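Enquirer: Give me a model of this one.
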Amino acid sequence: MSNLDVTIKRMKKLAKSFVNLTFPHSKGDDQDLVLLKSSEVLIDGYTVIIFFSTSDYTDHLVKTFQIYPKNHSFLPFHLVCKMAKKFLGEQHVSLLEVFSNNKKLYCWSVVTNLDEEPIENPYNSNGEKREFEKFNFQVMYPEEVNFF
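Expert: This is a model prediction of the structure:
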């Protein structure tokens, strides 16, 4: 198992253990956990910051993966998609892109049932379907997202 695979496994395990401390259970006061839910890694020559979280909405889960460059303004999209697939799989995945501090932040999410099987995203009914190198996903737009 590669170092990256070990990091991904660790981050997914931590996200599960923090689910009761994460929004909506936290009521938005879970910022102290950000350091524990994120990691700096070197991927394909790029130093990136990755973040993974799971939120429990009683009848479904929302898994969120974020990636952004440490030293650049944006990342090659093939790298971004590769990492999204590693964290979230390839079914019913959504992407939201925003700029923060002159860096492009790629926010991926998947909604699952309680058995962690991907389901249609109820929050992204207006999303635009996209494909990149046979990877299908829906784009979400910032004006349609509640960032609480």
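
Enquirer: residue nearest the centroid of the protein?
Expert: Phe65 (1.4 Å; Cα atoms, centre = their mean).

Enquirer: and it, what are its bridge partners?
Expert: Phe52, Trp108 (DSSP bridges).

Enquirer: show me what contacts it?
Expert: Ile50, Phe51, Phe52, Met83, Ala84, Phe87, Leu88, Cys107, Trp108, Ser109 (Cβ atoms under 8 Å, 6 or more residues apart in numbering). Placement of C-beta: from N, CA and C, glycine included.

Enquirer: Show me which of those is closest to Ser38.
Expert: Phe51 (4.3 Å; Cβ to Cβ).

Enquirer: The closest one: how many residues sit nearby?
Expert: 19 (other Cβ atoms under 10 Å).

Enquirer: same deal with Arg130?
Expert: 11.

Enquirer: quick one: it and Ser94 touch, right?
Expert: No: in this structure, Arg130 is not within contact of Ser94 by Cβ atoms under 8 Å, at 10.0 Å.

Enquirer: Overlap in contacts, those two.
Expert: Here Arg130 and Ser94 share the contacting residues Phe137, Gln138, Val139, scored by Cβ under 8 Å, 6+ apart.

Enquirer: Sitting in strands, which of those residues do you find?
Expert: Phe137, Gln138, Val139 (DSSP state E).

Enquirer: now those residues in CSV, with distance to Tyr57?
Expert: Output for those, formatted as CSV (distance: Cβ to Cβ, whole Å):
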residue, distance to Tyr57
Phe137, 21
Gln138, 19
Val139, 22
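
Enquirer: Tell me the most packed of the residues you listed, by neighbour count.
Expert: Going by other Cβ under 10 Å, Phe137 tops these with 24 neighbours.

Enquirer: what bridges to it?
Expert: Arg130.

Enquirer: which one's the longest helix in this protein?
Expert: Assignment by DSSP state H gives helix 3-17 as the longest helix of the chain.

Enquirer: and that helix, how far from the chain's centre?
Expert: The chain centre lies 13 Å from the centre of helix 3-17; the measure is Cα atoms, centre = their mean, to the nearest Å.
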